[in-house]
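Undergrad: Next input, structure requested:
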Amino acid sequence: MAVPARMTGSLPPLVQPDGDLTREDVARYSRHLIIPNVGVDGQKRLKNARVLVVGAGGLGSPALLYLAAAGVGTLGIVDFDVVETSNLQRQVIHSESDVGRPKADSARDSILAINSSVDVRVHPTRLDSGNAVGLFGEYDLVLDGTDNFATRYLVNDAAALAGKPCVWGSIFRFQGQVSVFWESAPDGRGVNYRDLYPDPPPPGAVPSCAEGGVLGVLCASIGSIMVTEAIKLITGIGDSLLGRLMIYDALAMSYRTVTLRPDPARTPITELVDYEAFCGLESAPDLAASDGGISPRELRTLIDSGRDFALIDVREPVEWEIVRIDGARLVPKDRILSGEALAELPQDRPIVAYCRTGIRSAEVLTALRAAGFSDATHLSGGVTAWATQIDPSLPIY
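TA: Residues are numbered from 1 along each chain as shown. Below you'll find the predicted structure:
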């Protein structure tokens, strides 16, 4: 629930300033120590803080690096993915030599290269309803750098049940959003992700960064704001983004902020659920993918047979310019789903649809079958699988 922006008051610090700073700490963090709002106590709080970062990708990369540089004593990393070449455009915590390595391991090594005094805890596992609350309970604060709705709702709900604040960020193309969610915040100021987005969008309605792209440096802009919020929460300084949503437009170079308030109609969070089902991921496109896909080798055989069929590329024009399968025709997904392009598609011969990885084409296949195109299928794995298995000369993006 968003309303015009208003200022909020500071929150009590999350972490106590226990222990002493070493001579090396004073030398390293001197620029923090001479800031009146931070000082020795603030640096001690950072040193004693335990922060969990979910995702070592676009947002997690700058966040982890700056948290380590700031002197956060314990950093947890949740990520089960491996580094790919396409990650290097924005995931600055990884390097070319890390391609193929687990992201969590690569991130740990980069953190220790910056600050060897950080206690880095690697959690190379898929976060789910069975482990999230217990894991969050081991930390003071959670940063959510994930890129899909199912995991965002899971992180939000688990943080609420664990009583932990969550700094959330989101990026797409040239725009980013940041907020702080904390269900049990002091003085009744608690809000969470469900107050902003009560329900997930329909599957496929919001493209992922893999489908729609993201300006690499946007990750640094949003990730640095997330770290700023984490430091403010840990030390108890400044006005938190709790109860506010910051929206950044890199093309316009503008920031705007709206106030968030609890939705009185929202159902209280009492347990974790099946978040893939909640977000509709077990839906028609999945069924289409399971019973109607054609493999790259089967498509190669079909092409070589000389049989008359329509090969339809359902990606966007910018993707078509990067790579395409010979003989294909471009008909973007949205034109098919809206019904605009249905009259342009043949009903007297088979149709094979493809996209980048098979997700969008599975969604298109469901729409085609519902519209009466019974002799339609799609390429499992998309043009990426085609380039990997059939034509290695094609680029993979």
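Undergrad: burial count for residue 21?
TA: 17 (other C-beta atoms under 10 Å). Placement of C-beta: from N, CA and C, glycine included.
Undergrad: For residue 43, pull up the helix or strand it's in.
TA: Following DSSP states H and E, one finds residue 43 within helix 39-48.
Undergrad: What are the contacting residues of the very next helix or strand once past that helix?
TA: Using DSSP H and E, the helix or strand that follows helix 39-48 in sequence is strand 50-54. With contacts defined as C-beta atoms under 8 Å, 6 or more residues apart in numbering, strand 50-54 is touched by 60, 63-64, 67, 72-79, 127, 135-136, 138-146, 151, 155, 230, 234.
Undergrad: Now, those that are in helices?
TA: 60, 63, 64, 67, 135, 136, 151, 155, 230, 234 (DSSP state H).
Undergrad: Tell me which two in the residues you listed are the farthest apart.
TA: Across the ones in helices among the contacts of strand 50-54, no pair lies farther apart than 151 and 234, at 23.7 Å, counting by C-beta to C-beta.
Undergrad: Among the two, which residue is more densely surrounded?
TA: Taking neighbours as other C-beta under 10 Å, residue 151 and residue 234 compare with residue 234 leading, 25 against 22.
Undergrad: List the residues that contact the more buried one.
TA: Neighbours of residue 234 in contact, by C-beta under 8 Å, 6+ apart: 13, 14, 15, 45, 46, 49, 51, 72, 140, 141.
Undergrad: need those in JSON lines with neighbour count, can you?
TA: Putting those into JSON lines (neighbours: other C-beta atoms under 10 Å) gives the following:
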{"residue": "13", "neighbour count": "17"}
{"residue": "14", "neighbour count": "21"}
{"residue": "15", "neighbour count": "22"}
{"residue": "45", "neighbour count": "26"}
{"residue": "46", "neighbour count": "23"}
{"residue": "49", "neighbour count": "26"}
{"residue": "51", "neighbour count": "28"}
{"residue": "72", "neighbour count": "29"}
{"residue": "140", "neighbour count": "20"}
{"residue": "141", "neighbour count": "25"}
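Undergrad: Just the strands from the stretch 101-250 of the chain, written as ranges.
TA: 119-123, 141-144, 166-172, 175-181, 244-249 (DSSP state E, counting those that start in this stretch).
Undergrad: Show me the contact partners of the helix holding residue 43.
TA: 13-21, 25, 29, 32-33, 35, 70-73, 231, 234-237.
Undergrad: likewise stretch 387-397?
TA: By C-beta under 8 Å, 6+ apart, stretch 387-397 touches 86, 296-297, 299-300, 319, 322-323, 356, 381, 383-384, 386.
Undergrad: So which bits of it are buried?
TA: 387, 390, 394, 396 (16 or more other C-beta atoms under 10 Å).
Undergrad: and the third one, which of the three is it?
TA: At residue 394, secondary structure determined by DSSP: H, G, I helix; E, B strand; the rest coil is coil.
Undergrad: what are the phi and psi values for it?
TA: phi -80, psi 140 (degrees, to the nearest 10).
Undergrad: pLDDT value on the residue most central in space within the chain, please?
TA: The centroid of the chain falls nearest to residue 147 when counting by C-alpha atoms, centre = their mean (1.6 Å). For residue 147, the model assigns a pLDDT of 92.
Undergrad: what pairs with the residue nearest to residue 379 when sequence neighbours are not counted across the strands?
TA: What sits nearest to residue 379 in space, not counting adjacent residues and going by C-beta to C-beta, 6 or more residues apart in numbering, is residue 354, at 3.7 Å. Beta-bridge partners for residue 354, by DSSP bridges, are residue 313.
Undergrad: So what's the residue count around residue 354?
TA: Residue 354 has 30 nearby residues by other C-beta under 10 Å.
Undergrad: and what of the one 3 residues further on?
TA: With neighbours defined by other C-beta under 10 Å, the count for residue 357 comes to 17.
Undergrad: where's it relative to residue 397, distance?
TA: Note on residue 357: its distance to residue 397, by C-beta to C-beta, to the nearest Å, is 11 Å.
Undergrad: Return a PyMOL selection command for the buried portion of the contacts of stretch 387-397.
TA: Under the burial definition 16+ other C-beta under 10 Å, those of these that qualify are selected in PyMOL by:
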select buried, resi 296+299+319+323+356+381+383+384+386
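Undergrad: can you list the contacts of stretch 387-397 in JSON lines and add pLDDT and distance to residue 97?
TA: Below are these laid out as JSON lines (pLDDT from 0 to 100; distance: C-beta to C-beta, whole Å):
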{"residue": "86", "pLDDT": "94", "distance to residue 97": "16"}
{"residue": "296", "pLDDT": "98", "distance to residue 97": "30"}
{"residue": "297", "pLDDT": "97", "distance to residue 97": "33"}
{"residue": "299", "pLDDT": "98", "distance to residue 97": "35"}
{"residue": "300", "pLDDT": "97", "distance to residue 97": "34"}
{"residue": "319", "pLDDT": "96", "distance to residue 97": "29"}
{"residue": "322", "pLDDT": "97", "distance to residue 97": "26"}
{"residue": "323", "pLDDT": "97", "distance to residue 97": "26"}
{"residue": "356", "pLDDT": "96", "distance to residue 97": "26"}
{"residue": "381", "pLDDT": "95", "distance to residue 97": "27"}
{"residue": "383", "pLDDT": "97", "distance to residue 97": "28"}
{"residue": "384", "pLDDT": "96", "distance to residue 97": "23"}
{"residue": "386", "pLDDT": "98", "distance to residue 97": "28"}
